[in-house]
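1. I'll drop the sequence and a predicted model, then ask my questions.
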Amino acid sequence: MDPFHVVRLAGDALDRCRRRVQQDLHGHRGRRDDPLYRARRTLHTDEREGEAFEHVGERPVLLHDDGTPAGTVEVTSVEPTTFGEVPWEFAQSEGEGHRDLEHWREGHRRFWASERREVHDDTPLLMIGTRYVG
């Protein structure tokens, strides 16, 4: 999978989240004048700051499924790599209880397969380190 498709996957996930939040908050599809609908382009391009992805020092707010804030994390590192080169230390830091690196890879491959996407060892990705700040 090339970088374009990785960005496309992220954009698709953003759209699904935005549509769900729009429906939950307003009870209808996004309309041209709805703030969430207008934010779509910013979500895809991050035009506010000219940055495509997370950056060190950024503090994104984590949301519950219902759209309410769950907490804030700080991005501590952003490192490009490939799926096959993700080290065990990073996989373990996700805190998902994987036994080893292969178990982590299997779980992530299953997830992406459920989204009808293939992930290979040479699939590019960003390892984003975070710490919980409140």
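-> Everything's here; your move.

2. going forward, measure contacts between C-alpha atoms and count neighbours the same way
-> Noted.

3. tell me the helix or strand right after the helix or strand bottoming out on mean pLDDT in the chain.
-> Ranked by mean pLDDT, DSSP states H and E, the weakest helix or strand in the chain is helix 40-45, scoring a mean of 52. As assigned by DSSP states H and E, the chain's next helix or strand after helix 40-45 is strand 61-63.

4. just give the nearest non-adjacent residue to M127, would you?
-> E79 (5.1 Å; C-alpha to C-alpha, 6 or more residues apart in numbering).

5. show the subsequent helix or strand relative to the helix or strand where that neighbour lies.
-> Under the criterion of DSSP H and E, E79 resides in strand 69-82. Next in sequence after strand 69-82, counting helices and strands by DSSP H and E, comes helix 88-93.

6. in that next one, which residues are buried?
-> Going by neighbour count (16 or more other C-alpha atoms under 10 Å), the buried part of helix 88-93 is A91.
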